[in-house]
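Participant: coords below, sequence missing:
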């Protein structure tokens, strides 16, 4: 029973990070109907931004840690906006395939530029927040895992508020529903799309830092596998659907962890992608997604 | 279909500008991808005046600490050989390439070293998996290959042109089994194996047999893949099995993360591993969690033997005070054994060079006496290192 609870906590904390990354995929898809493959590399840049920023602020302190987290989120938000402005916006009116391929190119550019500027060797990520271990009977919960849960919940509630209750959120939903009609009623699509990219990238940065706090080795290719898993999580929950991305992330994290702790741990990655195939076969819209009829 | 007709010259220009920008991004990307993988030694001397020796190493990437150390040792050896007049009246020119610690790269690099650079012998690699990629190519081309520190037995089993100057995993596994039983007094051991690394799978197997034969029990056998970051699931299962020690036959990045996460989960029993742990990064990534862990390796810089102290002195002088680790020492010995064989053969022609390497007997190097047996493996002792007060500390030497 203890083992089961411990695995559940491990799984949920891994899943919460997948959820944070998946939110970025799902938001961009919701508004623009395309997969931003460079998202997983923004996650990596977020971790490195945290690594370099942490050299200038006190370590293992609440204040210093929060400044580093906020700094990395701002850097990545700007990077996300710049990438969209330079690489995706010029292609917005062309076929979706062009943008998709550009996104893959952008991902490779970031990965290789990362290896060039940061070096390909794994670096040790500093301890940003004071570390504590919370013991509930035999179940152990570290303060970093707690931080992951708290940040994910805050982000989910915040996103729900932004999308449902604010003017920019209403505009986002409008652009997602029908971009032409949205611009006809006076919404500036460019600003809405830039905002979406900025927000998604900031979440990726938060995910990158939380991931690195838990698994303290960072390298320029660290985003690839978590990025793929988060993509699976987004599709699992129903891509374009914000609660769906969170559900998909948590579900995938828990399933993976239970497989990792069993005799079949070799097949963990295979499980994640088998799940993707099954979902696409039997419920293409995802767990929480609504099936839509494409109007021609 | 109206837009195409109204596209005026200005529109055309704008479109071209967009393409130009995309092209610029693409070119920059390609340029960045290209850098960092092409580094060859200066080739000043004309062909014929030098003996070209190839080296492939993981100079960047996940196991860069291994590649860099081994490479520095080899560089020092080549300097020493050339400073004392070279071999056969010629200087040795080391042509080296980086495989970025990636699978698949080593084969391409070694093919290039042999066919384009025309090297007479190949040195490399630390990781058994990448040595196994290069070995069949060297064997097919009848070019001797000496691996400084690949311990998996399969490496030299590829053919009669493949050698190594380090001990093998059956020896290391048996030694670690005895260490767990006698020194750690652990009868219940859990094992966490990297299934994507032949080194790890091999060493795990060679540990299991002698350990269980001596009455020990493996209470849990968990698996992971190189590059994984989250080991909490496997460690939770291990914790539930209640072991007295945990054996991690992997490489240093994962070993450090595993130890850290084990301590976070409240596992207090000692962790131990093989020579894959030997790197300063083990302490940089693992930090204070590494206290009280053990690993076996090929040599210790604290050894008082004159050959070792001389090597440590020269290495520090050349590389800014850095203390050489076991990979550096084996990198040095691999080049020295090759040079010694060239001198005895009196030529770099095949198969005479191969026969001379195979006949290496009692060659005194930094890592002890090297004698190559009929399977082209070296038989030599090992040392146990522990981590205390944030430093590597020598524990004991175990001879075969």
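Facilitator: Yes, it's here. Worth saying up front: this structure is predicted, and the values here are computed from it rather than measured.
Participant: so for stretch B:190-209, mean pLDDT?
Facilitator: Averaged across stretch B:190-209, the pLDDT comes to 92.
Participant: what about it, start to end distance?
Facilitator: With C-alpha to C-alpha, to the nearest Å as the measure, the ends of stretch B:190-209 fall 14 Å from one another.
Participant: chain B: strands as residue ranges?
Facilitator: B:50-57, B:91-98, B:121-123, B:145-147, B:162-164, B:188-194, B:217-224, B:245-247, B:271-273, B:294-297, B:363-365, B:368-370, B:382-388, B:391-398 (DSSP state E).
Participant: let's have the ones you listed in CSV, adding distance to residue A:80 and mean neighbour count.
Facilitator: (Each C-beta comes from the backbone N, C-alpha and C, glycine too.) Output for the strands of chain B, formatted as CSV (distance: least, C-beta to C-beta, whole Å; neighbours: other C-beta atoms under 10 Å in any protein chain shown):
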stretch, distance to residue A:80, mean neighbour count
strand B:50-57, 37, 25
strand B:91-98, 32, 22
strand B:121-123, 45, 29
strand B:145-147, 46, 30
strand B:162-164, 49, 26
strand B:188-194, 35, 25
strand B:217-224, 32, 20
strand B:245-247, 41, 26
strand B:271-273, 40, 26
strand B:294-297, 43, 25
strand B:363-365, 54, 17
strand B:368-370, 56, 21
strand B:382-388, 41, 20
strand B:391-398, 43, 14
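Participant: out of those strands, the one nearest residue A:22 is which?
Facilitator: Minimum separation from residue A:22 across the strands of chain B (C-beta to C-beta) falls at strand B:217-224, 23.3 Å.
Participant: for chain A, what's the longest helix?
Facilitator: Ranked by residue count under DSSP state H, the longest helix found in chain A is helix A:2-32.
Participant: and residue 109, how many neighbours?
Facilitator: I went with chain A, as the question did not name one. 21 (other C-beta atoms under 10 Å in any protein chain shown).
Participant: oops, wrong one, chain B.
Facilitator: Using other C-beta under 10 Å, residue B:109 has 26 neighbouring residues.
Participant: residues from the stretch 51-200 of chain A in reach of chain B?
Facilitator: Counting by C-beta under 8 Å from any C-beta of the partner chain, the residues of the stretch 51-200 of chain A close to chain B are A:86-87, A:90, A:102, A:105-106, A:108-109, A:112-113, A:115-116, A:119-122, A:124, A:133, A:135, A:140, A:142.
Participant: return the members of those residues classed as buried.
Facilitator: A:87, A:90, A:102, A:105-106, A:108-109, A:112-113, A:115, A:120-122, A:124, A:140, A:142 (16 or more other C-beta atoms under 10 Å in any protein chain shown).
Participant: out of those residues, which are inside helices?
Facilitator: Reading helices off these with DSSP H, I get A:102, A:105-106, A:108-109, A:112-113, A:115.
Participant: what residue, apart from its backbone neighbours, is nearest residue B:380 spatially?
Facilitator: residue B:368 (4.6 Å; C-beta to C-beta, 6 or more residues apart in numbering or on different chains).
Participant: from what I see, that neighbour and residue B:308 are in contact.
Facilitator: No - using C-beta atoms under 8 Å as the test, residue B:368 is too far from residue B:308 to be in contact (9.1 Å).
Participant: got any residues that touch both of these two?
Facilitator: Listed contacts common to residue B:368 and residue B:308 are residue B:299; contacts here mean C-beta atoms under 8 Å, 6 or more residues apart in numbering or on different chains.
Participant: where do the helices sit along chain A?
Facilitator: If DSSP H is used as the criterion, the helices of chain A fall at A:2-32, A:39-53, A:62-83, A:96-118, A:143-165, A:167-177, A:179-184, A:189-214, A:224-237, A:242-260, A:268-282.
Participant: show the contacting residues for residue 178.
Facilitator: I'll assume chain A. With contacts taken as C-beta under 8 Å, 6+ apart, residue A:178 has no neighbouring residues.
Participant: actually, chain B is the one I wanted.
Facilitator: B:210, B:214, B:398.
Participant: by mean pLDDT, show me the worst of the helices of chain A.
Facilitator: Between the helices of chain A, the one with the least mean pLDDT is helix A:268-282; it has a mean of 86.
Participant: distance check, the nearest residue to residue B:260 once chain neighbours are set aside against residue A:50.
Facilitator: Nearest residue to residue B:260, sequence neighbours excluded (C-beta to C-beta, 6+ apart): residue B:289, at 4.3 Å. Remark: distance between residue B:289 and residue A:50 (C-beta to C-beta, to the nearest Å) = 21 Å.
Participant: more neighbours: those two, which one.
Facilitator: When residue B:289 and residue A:50 are compared for neighbours, residue A:50 comes out ahead with 28 against 21, by other C-beta under 10 Å.
Participant: quick one: that one from chain B, how far?
Facilitator: Residue A:50 is 16 Å from chain B, where distance means C-beta to the nearest C-beta, to the nearest Å.
Participant: ok, that residue - contacts?
Facilitator: By C-beta under 8 Å, 6+ apart, the contact set of residue A:50 is A:68-69, A:71-72, A:125, A:128, A:205, A:208-209, A:212.
Participant: what sits against residue 151?
Facilitator: In the absence of a named chain, chain A is used. A:16, A:20, A:206, A:210.
Participant: nope, chain B
Facilitator: Counting by C-beta under 8 Å, 6+ apart, the residues that residue B:151 touches are B:128, B:164, B:166-169, B:172, B:199, B:202-203, B:274-275.
Participant: from residue B:274, how far off is the nearest residue to it once chain neighbours are set aside?
Facilitator: Of all residues not flanking residue B:151 in the chain, residue B:169 sits nearest, at 4.6 Å (C-beta to C-beta, 6+ apart). Look at residue B:169 and residue B:274: by C-beta to C-beta, they are 8 Å apart.
Participant: so for those two, which residues contact both of them?
Facilitator: With C-beta under 8 Å, 6+ apart as the test, residue B:169 and residue B:274 both reach B:151, B:203.
Participant: for chain B, what's the nearest residue on the stretch 101-250 of chain A?
Facilitator: The nearest approach of the stretch 101-250 of chain A to chain B comes at residue A:215, 3.5 Å away (C-beta to the nearest C-beta).
Participant: burial of residue 66, as a residue count?
Facilitator: Since no chain was named, I'll use chain A. Residues contacting residue A:66 under the criterion other C-beta under 10 Å number 13.
Participant: other chain: chain B
Facilitator: 31.
Participant: quick one on the thing from earlier: sitting in helices, which of the contacts of residue B:151 do you find?
Facilitator: Of the contacts of residue B:151, the ones assigned to helices by DSSP H are B:128, B:169, B:172, B:199, B:202-203.
Participant: most widely separated two among those residues?
Facilitator: Spanning the widest gap among those are B:128 and B:172, at 11.7 Å by C-beta to C-beta.
Participant: more neighbours, those two?
Facilitator: Remark: of residue B:128 and residue B:172, residue B:128 carries more neighbours, 28 against 25, as counted by other C-beta under 10 Å.
Participant: hmm, that one is touching residue B:156, no?
Facilitator: No - checked against C-beta under 8 Å, the pair residue B:128 and residue B:156 is beyond contact range at 10.4 Å.
Participant: residues near residue B:89, how many?
Facilitator: 8.
Participant: how much space between it and chain A?
Facilitator: 40 Å.
Participant: you'd agree residue B:366 is up against residue B:332?
Facilitator: Yes - under the criterion of C-beta under 8 Å, residue B:366 makes contact with residue B:332 at 5.6 Å.
Participant: what sits in contact with each of those two?
Facilitator: By C-beta under 8 Å, 6+ apart, the residues touching both residue B:366 and residue B:332 are residue B:311.
Participant: got the contact list for residue 138?
Facilitator: All of this is about chain A. By C-beta under 8 Å, 6+ apart, residue A:138 lies in contact with A:2, A:6.
Participant: wrong chain, I was asking about chain B
Facilitator: Contacts of residue B:138 (C-beta under 8 Å, 6+ apart): B:110, B:114, B:122, B:144-145, B:161-162.
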